[in-house]
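Asker: How does the following fold in three dimensions:
(chains A and B)
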Amino acid sequence: MTVYSALIVAVVFASGTFLLLQRDLTRVVVGIILVSNSAVLFIISAGLSRGVAPILPLEGEGASDPLVQAMALTALVIGFGVAALLLAMVYRLYATHGTVDLEEIAAAELREAKALEREDDPEREEVPEAEQDPGEGTG
Amino acid sequence: MTTLAVLLPLALALLAAPAALLAGVLRPGLAAWVGAVFALLAFGTTLWAWLSGGGVVDVAWVPSWDVRFEVALDGLATLYALLATGIGFAVLVYSSRYLPLHLEHQERPASDGNGFYFFVLLFMGSMVGLAVAQDLVLIFVFWDLTAVASYFLIGFDRQDPDSRASALMALLVTGVTAVLLLIGALLLYAAHGTFSVPELVERVGPGPLLTVSGGLISISGLAKSAQVPLHFWLPRAMAAPTPVSAYLHSAAMVAAGVLLIGRVYPLLQESEFLLDFLLVVGLFSMAVGGALALTRDVLKQLLAYSTIAQYGLVVAMYGLGGPYGAGGAAFYVLAHAIAKSALFLTAGAVTEATGGDRLSRLGGLGRRMTLLATSSGLAAATLVSLPLTVGFFADEFFFASVLERGPQFVVLAVMGTAMTFAYAWRFWAGIFLGERRTDPRSIPRLLVAPVVVLGVIGLLGGLFTRPFEVLAEAAGLASFGEATPLDASYHAEILPEYLMALGTYALGVVLIVSRSLWTPAALAVSRLGKAIGPERLYRLGVHGLNALSDAVHRLEIQNLRARIAFVLMPTAVLVGAGVLVTPMRGAYRVGALRADEAPLMLAMLAVAVAAVTTTLVRRHVTLALVLSGSGFVLAVVYAFHGAPNVVLVAVLVETMLTLLLVATFRLIPYRVLHRQAGLPPVRMTRKVLVSVAAGAFTFVVVWGALSQPPAGESVAEEHVRLTPDAHAKNVVTATLADFRGLDTLGEITVVALVLLGVGTLIGASPARETVGVPQPAARAVMRGIARLLYLPTFVVAAAVLVKGFVQTGDGFSAGMIAALGVVLRYMAFGHENAKNLPAARHAVAFSFAGLLVALGVAAAPLFLGEPVLTHFPRAGTEPVHLGTVEVMTAVLFDLGVFFLVFGFAVGLVKFFARTISQREAADPETLPREGEA
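Answerer: Model (predicted):
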């Protein structure tokens, strides 16, 4: 059973990794969801005991490890939050760049960064005229 | 009594900023006056406290680091605290009339003034704090606080890029050098085990350590006092509104530098090298500042360079040492603050009246503005130390201390003060004498009154010198370590100091009349400084850093995957090394297989198959469905693991996630997604190889981890044992709300922030909301169901919440269930209809109210002297019953989680639905048609 659980966790993780490597940002998000799923499965599998639900009174039989369940719950919720944020981000990127292709977005951002650099920056060199004396004083 | 004597002025000064802000929010005109009242109170209490003998407070602050909150009101502290609050009062009164005019010129709302007063008063508070602080770390804290306040004040005209660049320059120069102060303090601490200045004075002897640490501390002080070569930020800081300049130059910021030197002077004077260093820097600053002040045309620029020169004189006095040096320096700071703030305020008033800020465009205003001309004449006389003003004695003490050193210093001193004479004349005569070039408007009296008061104080100080003498002597005692008798009285005999003063006046007059002879030379110095000076180095440095940051940024967005690889590869290498060094023997166990586990194994297999399938499907909706299928089967796996809580949450999360995924695919036009799906596979072999390697890696690590046998009594068993004490039956819920409540607190904070993030990303611009497109009639059945189920979902949620402690469920799943009712309404009725539901309208508020409740329950025990997240009733005591419901704080905590999650889920759906509805209204063509996606 131990090796079997490890195998399943690894397969889910590998699938997630494969999707992470795609250009399509929506697939990247799906990949992250899969990776977090594999993590939750790992946490649950790491329980030291497996039996009935850990709800008192426990009559004789061994209960499942409650600690990993609490941790899995936390992991599930955070994974969900991250996925929601990423989906919103993907839409936002589409709205600004008109594409969900990672490489096209990178190219567009690069263009913007270069355009920004060309603009005047406040740290420019010239001396404000205000500081120079016109040469004809009143003193 | 002595405790109060030091804490009362400090508390008043520190409270001034928030009080003024509060007053300003209520009524914008009130901020200046509330601030002025606080400044006056702080001034009065400081004076009272000093006269009643001062005081010391010394309590542990961070005991493990030996950092103490050690403050004392000695002579030095009194002098600077009186300056900060007294000049602060004058500046605030002036600002109450000046700032509305300034904001009007800038076309900014009057409410922007609140921030101005807040930071001016924060400046004042941190200056008072800096004055009384005796612990080097505490000094550092107030030191940086003044830098922060100055940043916001110099950059107050934030629409002006020059103003912003100047603020940044001041912050960088003084902030970076502040780190040197910290390093110096740490060096001293490492050697002597204390940060307290009085204790260090007793323990430290001369030696290389003192020279290095004292040198570092002096450099940060010199940078703050704008001494050459770190002076260039000060003329730039003139971008600030004039009252700020007046304050910055006389009583705050620049004064803070010499205050620090005065504070650690007992240490510095142990080292001859450091004294010589101060002397050289001070004399050099006098020369550079004076020469440049003679060339400047803009009023405030002239005054700025003059400040550099005058603080150079103070630093030089500290460098000369002796009773006249240390005590005289304090006296000089006092006289200079009065004169310089008055001159700055004059410049502001003149500019306000005429619109001109250059000497070349001003002149002849003396007849029209007699009062201002007279008062600022007194201030200028104080600055150039004419007899009968307090400035006269300031220069006497300087001359007295150079006379002790030798004739070459006498010559340098006279040359320096003669330049002061010349540019002060240039300033005053340029404005008020000569031919009139502009016609001044009448200006509010409060723009003149502070100048009058300050000018008169300068004059009175020259006639009744005793208060100044006593204050400076006390400050000198604190710096020098022994009494520094200062004799500020006029003598009938001819003293050498008088001869030097006469020499100064004579040389000053020569400078004034021979102006056309030396002007080209002075301008050449100015140009040379521009070309190769430290300001250029600063700019090159800032540009270089910017370029470096741009280059890194470009690299990062150019190849995102390579960046991720840079993060992941080292992780993989480290974990791999860990796997390799772990002994293989007995580390991996296959584990027994039992026949009754077959269903579980089958479910896990289904999860794996679904996961692999996601990598093969092309269409996006199929992808979403396969992913959610995999998630639901995972819930079944959790069920086999005996985890009903996890099952409940997993099912709910999966439902919401599927909805969000489909919503995203609906938001992004079909053609965009379709193009992605149709792209030819690129570098497929490499991607497959990388994924397989990652999978293999995970397999080894997970297998190894799962094979570890349990060690001793597990935490889980302890949790099971403690659950009855928490008045619970469900161990998992008790763990979440009680035993590991801090985890939950962190988790829900993340959730609340995610909601804010999603709201910022896609929830913006509700103004663009338009009438939605008509909904198809086929939804009638769904609408019926949605109406029918709306209230029952809340009932179920309430039951899950209340029963969570004895049965399956907790605040999180209850919140999700309650949200589902709202989500169903959204799906059936569309955004236009559902957005008016109370839950939808106030989703974010719900969420943060829940976070507040949870944080409140967590923090409340602190006030009862208990650790965070202690729940009541305690173990063993019987909870109060409300019907069949037990009243417990753990349930209240869960209630907070419930509201947070409810608001979170509803908010997410609302933001997505609103975006969809906006896009539908804006451009129906771009959206996928029904059934096409």
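Asker: May I have the phi/psi pair for B:Thr465?
Answerer: Per-residue torsions, B:Thr465: phi -90, psi -10 (degrees, to the nearest 10).
Asker: from memory it sits against B:Ser489, does it?
Answerer: Yes - using C-beta atoms under 8 Å, B:Thr465 is in contact with B:Ser489, at 6.6 Å. Where you see a C-beta, it was placed from the backbone N, CA and C, and this is true even at glycine.
Asker: Neighbour count for these two, which is higher?
Answerer: When B:Thr465 and B:Ser489 are compared for neighbours, B:Thr465 comes out ahead with 20 against 9, by other C-beta atoms under 10 Å in any protein chain shown.
Asker: and the gap between the more buried one and chain A?
Answerer: According to C-beta to the nearest C-beta, to the nearest Å, B:Thr465 stands 31 Å off from chain A.
Asker: What's the per-residue pLDDT of the residue of chain B most remote from its centre here?
Answerer: Largest separation from the mean C-alpha position in chain B: B:Ala595, at 62.9 Å (C-alpha atoms, centre = their mean). As predicted, B:Ala595 sits at a pLDDT of 81.
Asker: any idea how far it lies from B:Met604?
Answerer: According to C-beta to C-beta, to the nearest Å, B:Ala595 stands 16 Å off from B:Met604.
Asker: cool, B:Leu187 as well?
Answerer: Taking C-beta to C-beta as the measure, B:Leu187 falls 60 Å from B:Met604.
Asker: what do you get for B:Pro243?
Answerer: In this view, B:Pro243 and B:Met604 are 72 Å apart by C-beta to C-beta.
Asker: Which one of these two is surrounded by more residues?
Answerer: A direct count of neighbours by other C-beta under 10 Å for B:Pro243 and B:Met604 places B:Pro243 higher, at 29 against 26.
Asker: The more buried one touches B:Tyr98, doesn't it?
Answerer: Yes - in this structure B:Pro243 lies within contact range of B:Tyr98 using C-beta under 8 Å: 5.7 Å.
Asker: Now the common contact residues for those two.
Answerer: Shared contacts of B:Pro243 and B:Tyr98 (C-beta atoms under 8 Å, 6 or more residues apart in numbering or on different chains): B:Gly348.
Asker: Chain A: strands as residue ranges?
Answerer: Counting by DSSP state E, chain A forms no strands at all.
Asker: quick one: low-confidence parts of it?
Answerer: A:59-61, A:117-139 (pLDDT under 70).
Asker: Which helix runs longest in it?
Answerer: Assignment by DSSP state H gives helix A:66-97 as the longest helix of chain A.
Asker: what's the pLDDT at the residue in the stretch 451-600 of chain B that chain A sits nearest to?
Answerer: The stretch 451-600 of chain B approaches chain A most closely through B:Gly591 (3.1 Å), counting by C-beta to the nearest C-beta. If you check B:Gly591, the pLDDT there is 77.
Asker: Tell me who's in contact with the closest residue to it other than its chain neighbours.
Answerer: Leaving aside its sequence neighbours, B:Gly591 sits nearest to A:Thr2 (C-beta to C-beta, 6 or more residues apart in numbering or on different chains; 3.1 Å). Counting by C-beta under 8 Å, 6+ apart, A:Thr2 touches B:Arg589, B:Val590, B:Gly591, B:Trp703, B:Leu706, B:Ser707.
Asker: got it, and B:Val350?
Answerer: B:Val350 makes contact with B:Leu299, B:Gly356, B:Leu362, B:Leu365, B:Met369, B:Leu372, B:Ile431, B:Pro440, according to C-beta under 8 Å, 6+ apart.
Asker: same for chain A: which of those are within range?
Answerer: Filtering the contacts of B:Val350 for neighbours of chain A using C-beta under 8 Å from any C-beta of the partner chain leaves B:Leu362.
Asker: Pick the one among the contacts of B:Val350 closest to B:Ala565.
Answerer: Nearest to B:Ala565 out of the contacts of B:Val350 is B:Leu299 (C-beta to C-beta; 58.8 Å).
Asker: hang on, isn't that closest one packed against B:Glu352?
Answerer: No - using C-beta under 8 Å, B:Leu299 makes no contact with B:Glu352, being 11.9 Å away.
Asker: neighbour count winner among these two?
Answerer: B:Leu299 (25 against 20).
Asker: The residue nearest the centre of chain B: what's it in contact with?
Answerer: Chain B has B:Val148 as the residue nearest its centroid, 6.8 Å off, counting by C-alpha atoms, centre = their mean. Applying C-beta under 8 Å, 6+ apart to B:Val148 gives the contacts B:Leu122, B:Leu171.
Asker: OK, now which residue of the stretch 101-250 of chain B is nearest to chain A?
Answerer: Closest point on the stretch 101-250 of chain B to chain A, by C-beta to the nearest C-beta, is B:Pro161, at 3.5 Å.
Asker: what number of residues lie near that residue?
Answerer: Number of residues near B:Pro161 (other C-beta under 10 Å) recorded here: 14.
Asker: can you tell me how far it sits from B:Ile261?
Answerer: 34 Å.
Asker: before we move on, what about B:Glu920?
Answerer: For B:Glu920 relative to B:Ile261 (C-beta to C-beta), the value is 68 Å.
Asker: ok, now B:Thr723?
Answerer: 63 Å.
Asker: How about A:Gly79?
Answerer: Per C-beta to C-beta, A:Gly79 is found 56 Å from B:Ile261.
Asker: In terms of packing, which of those two has more residues around it?
Answerer: Higher neighbour count among A:Gly79 and B:Ile261: B:Ile261, with 27 against 19, using other C-beta under 10 Å.
Asker: just checking, that one touches B:Ser218?
Answerer: Yes - shown here, B:Ile261 and B:Ser218 form a contact pair, counting by C-beta under 8 Å, at 6.3 Å.
Asker: if we can go back for a sec, quick one, which of the contacts of B:Val350 are buried?
Answerer: Neighbour-count burial (16 or more other C-beta atoms under 10 Å in any protein chain shown) is assigned, among these, to B:Leu299, B:Gly356, B:Leu362, B:Leu365, B:Met369, B:Leu372, B:Ile431, B:Pro440.
Asker: residue contacts, the second one?
Answerer: When contacts are counted by C-beta under 8 Å, 6+ apart, B:Gly356 is found next to B:Val350, B:Leu362, B:Arg437, B:Thr438.
Asker: Just to be sure, which of those residues are found in helices?
Answerer: Judged by DSSP H, helices contain the following of the contacts of B:Gly356: B:Val350.
Asker: so which of the contacts of B:Val350 would you say is closest to B:Val647?
Answerer: Once C-beta to C-beta is applied, the member of those that ends up nearest B:Val647 is B:Leu299, at 76.3 Å.
Asker: how about the strands in the stretch 801-933 of chain B?
Answerer: For the stretch 801-933 of chain B, applying DSSP state E, counting those that start in this stretch gives strands covering B:880-882, B:885-887.
Asker: you'd agree B:Ala60 is in a helix?
Answerer: No - looking at B:Ala60 with DSSP: H, G, I helix; E, B strand; the rest coil, it is strand, so not inside a helix.
Asker: so what's it closest to, chain neighbours aside?
Answerer: Spatial nearest neighbour of B:Ala60, excluding adjacent residues (C-beta to C-beta, 6+ apart): B:Arg68 at 5.9 Å.
Asker: and that neighbour, which of the three is it?
Answerer: The three-state assignment at B:Arg68 reads strand, by three-state DSSP.
Asker: My understanding was that it contacts B:Ala133; is that so?
Answerer: No - assessed by C-beta under 8 Å, B:Arg68 is found out of contact with B:Ala133, at 10.2 Å.
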